[in-house]
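With the input below, show me the fold.
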Amino acid sequence: MAVTLSWDDAEHTILRYDFTGRWTWDEFHDVLVQVVKILDQAPAEINMIADLSQSAGIPLNLLPNIKRVAEMAHPRAGLTVYVGTGGLLRAFGEMFTKIYPSAAAKYKFDFARTLDDARQILRQRQSQRKTD
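Below you'll find the model as predicted:
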């Protein structure tokens, strides 16, 4: 399977999607069903990392599929940080927020160059939430 799911940390506060090679939206949505089950059981917010650094590209129909994910946003889903996407996905993210503002309001996302950068973004976010 080209889309896999695992915990990124021992505390089980960050889920990580790994996209490798050529993958499909059906594979992604199958993994998303697992995520919803985990979030249903989670005692607190879970952040996510979507590591696309080993992906051979993003399948067609990106915007409608991201809209579908955003509309399914779980109340315990925190920030999703996309890794290794370059400027293309960032441009689509900006377009997504303009085209689907109500869906985008439900789906918090950011971008990072590396997996370590993504982890740093999430650590900073968790630290800020503790001080708020």
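
Would you tell me which strand is longest in this protein?
In the chain, with assignment by DSSP state E, the single longest strand is strand 46-55.

what ranges do the helices span in the chain?
Under the criterion DSSP state H, the chain contains helices at 25-41, 62-71, 86-99, 101-106, 115-131.

Nearest approach to Asp8 belongs to which of these?
Evaluated over the helices of the chain, closeness to Asp8 peaks at helix 115-131, with 7.2 Å, by C-beta to C-beta. Where you see a C-beta, it was placed from the backbone N, CA and C, and this is true even at glycine.

Give me the helices and strands touching the closest one, please.
strand 46-55, strand 77-83, strand 109-112 (3 or more C-beta pairs under 8 Å, 6 or more residues apart in numbering; DSSP states H and E).

which other residues reach the shortest one?
In other words, strand 109-112. Outside strand 109-112, the residues that touch it by C-beta atoms under 8 Å, 6 or more residues apart in numbering are Leu79, Thr80, Val81, Tyr82, Val83, Thr85, Leu89, Arg90, Gly93, Ala118, Gln120, Ile121.

And for the longest one?
Outside of strand 46-55, the residues within contact range by C-beta under 8 Å, 6+ apart are 8, 12-21, 23, 35, 38-39, 58, 76-85, 89, 114-115, 118-119, 122, 125-126.

which of these count as buried?
Buried by 16 or more other C-beta atoms under 10 Å: 8, 13-19, 23, 35, 39, 58, 77-85, 89, 115, 118-119, 122, 125-126, out of the contacts of strand 46-55.
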